[in-house]
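# what would the 3D arrangement of this be:
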Amino acid sequence: MTDIRTRTIRANGLSFTIDEAGQGDDVALFLHGFPESRRSWRRQLGFLADLGWRAVAPDMRGYGQSDRPSGRDAYGLDHLTADVGAMFDALGARRRLLIGHDWGALVAWAAAIERTRPLDGLIVMNVPHPAVFARHIRRSPSQWAKSWYVFFFQLPGLPEWMTTARGARLVERAFTQGVADSRVFSPEDLKVYRDNAMAPGAMTAMINYYRANTARLGAADRTLTRRIETPTLMIWGEADAFLDVALTEGYGPYVADFTLRRLPGVSHWVQQEAADEVNRLMATWLEAKVGAR
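Predicted structure coming up:
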């Protein structure tokens, strides 16, 4: 596969550390989730580059080696989607493919809904459209139970203390207890995630994604219901411990061109646990919906 290089870019007034593979102005931008980093896409960057894309995965604001602005409000969706647009601009993108998992998928949904920049394709993994989630959680006791941590994260101080205790052991457990075979995460992978969580101010920044946005998302903000015209692929690991598989249903009012691919027995960490299958699904869909690069 194409070699991956690491560098820093400036976008939206912040410095972002990125991993990058490939060349050119057809840019595939990968957004990671909680409590991850750009490393989450280590098995996708070279693959997309070999398909002809310039594949780029940043540490999102507050994470890893990217800038970490202070204050809860700095992590609101409007700032996060502005980061996406500014990164595409900084990378000189002519065509834009946006790919996200977990919180990165939520930001990708919002960027597509708000039309932050024109997109040629949208790929989301294991996070639903915000309107689908808001509708579902109002009538699903099981999803309320699975989402307990979202409400816990609203507390001051205690979530940071618990998630960073014993060298961020809970961060490691979030990955290893959620997959069929924990060996999918190497000791080096887990060390990167734990070290990132232990960096000064990092866990507060990461949790601030929840603190800054939960009320807006739970209220089914009408600004997040506009129909997406961009061709959209959703890949969903059915063994997700955090989100019901029922959240893959009901996209007709919100997405004009929607493709769903579900992976039985695969956890929330879908692109890391089932990298080969995820890559195959992306390649097939890209050829059909976006065109070869």
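# so where's this structure uncertain?
Filtered on pLDDT under 70, the chain yields the residue ranges 1, 218-222, 292-293.
# identify the single longest helix in it, thanks.
If you go by DSSP state H, the chain has its longest helix at helix 158-176.
# just how off-centre is that helix within its chain?
20 Å (C-alpha atoms, centre = their mean, to the nearest Å).
# hang on, residue 245 packs against residue 238?
Yes. Between residue 245 and residue 238 there is a contact at 5.2 Å, judged by C-beta atoms under 8 Å. Just so you know, the C-beta spots here come from the backbone N, C-alpha and C atoms, and that holds for glycine as well.
# on that earlier part again, immediately after the longest helix of the chain, which helix or strand?
Later in the chain than helix 158-176, the nearest helix or strand by DSSP states H and E is helix 187-198.
# for that following helix, packing partners?
helix 158-176, helix 202-218 (3 or more C-beta pairs under 8 Å, 6 or more residues apart in numbering; DSSP states H and E).
# still on that earlier bit, so the longest helix of the chain versus helix 202-218, what angle?
Relative orientation of helix 158-176 versus helix 202-218 (axes from the mean of the first three to the mean of the last three C-alpha atoms, to 10 degrees): 90 degrees.
# contacts for helix 158-176, please.
Under the contact criterion C-beta atoms under 8 Å, 6 or more residues apart in numbering, helix 158-176 has outside partners 35, 152-153, 182, 185, 189-190, 193-195, 197-198, 203-204, 207, 269.
# quick one, phi psi at the nearest residue to residue 43 once chain neighbours are set aside?
Once flanking residues are discounted, residue 43 sits nearest to residue 275: 3.7 Å by C-beta to C-beta, 6 or more residues apart in numbering. Backbone torsions for residue 275, taken as degrees, to the nearest 10, come to phi -60, psi -40.
# what number of residues lie near residue 275?
Other residues lying near residue 275 total 16 when counted by other C-beta atoms under 10 Å.
# do the same with residue 239
Residues near residue 239, counting by other C-beta under 10 Å: 16.
# the stretch 51-200 of the chain: helices as residue ranges?
For the stretch 51-200 of the chain, applying DSSP state H, counting those that start in this stretch gives helices covering 77-90, 103-114, 130-137, 141-146, 148-152, 158-176, 187-198.
# output the contacting helices and strands for the fourth one.
So that's helix 141-146. In this structure, helix 141-146 packs against helix 130-137, with contacts taken as 3+ C-beta pairs under 8 Å, 6+ apart.
# what residues sit buried inside the helix it packs on?
Of the residues in helix 130-137, 130, 131, 132, 133, 134, 136, 137 count as buried by neighbour count, 16 or more other C-beta atoms under 10 Å.
# do I have it right that residue 31 meets residue 100?
Yes. Look at residue 31 against residue 100 with C-beta under 8 Å: they come within range, at 4.0 Å.
# and for these two, which residues touch both?
Counting by C-beta under 8 Å, 6+ apart, the residues touching both residue 31 and residue 100 are 107, 108.
# nearest to residue 122, of the helices and strands packed on helix 187-198?
Residue 122 sits nearest to helix 202-218 of all the helices and strands packed on helix 187-198, at 18.1 Å, using C-beta to C-beta.
# what helices and strands are in contact with that closest one?
Here helix 202-218 touches helix 77-90, helix 130-137, helix 148-152, helix 158-176, helix 187-198, going by 3+ C-beta pairs under 8 Å, 6+ apart.
# what lines up beside whichever helix or strand comes after it in the sheet?
Moving toward the C-terminus from helix 202-218, the next helix or strand (DSSP H and E) is strand 232-237. For strand 232-237, the paired strands and their directions (DSSP bridges) are strand 121-125 (parallel), strand 258-263 (parallel).
# could these go into TSV alongside mean neighbour count?
Formatted as TSV, those follow (neighbours: other C-beta atoms under 10 Å):
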stretch	mean neighbour count
strand 121-125	26
strand 258-263	16
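# would you list those in a markdown table and tack on distance to residue 10?
What follows is the strands paired with strand 232-237, written out as a markdown table (distance: least, C-beta to C-beta, whole Å):
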| stretch | distance to residue 10 |
| --- | --- |
| strand 121-125 | 25 |
| strand 258-263 | 35 |
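# out of those, nearest to residue 226?
strand 121-125 (13.7 Å).
# pull that closest one out as CSV, backbone CA atoms only.
Output in CSV follows, covering the C-alpha atoms of strand 121-125 (Å, rounded to 0.1, in the frame of the first residue of the first chain):
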residue,chain,number,x,y,z
GLY,A,121,-19.6,11.2,-1.4
LEU,A,122,-20.3,10.6,2.3
ILE,A,123,-19.5,7.4,4.2
VAL,A,124,-20.5,7.0,7.9
MET,A,125,-19.9,4.2,10.3
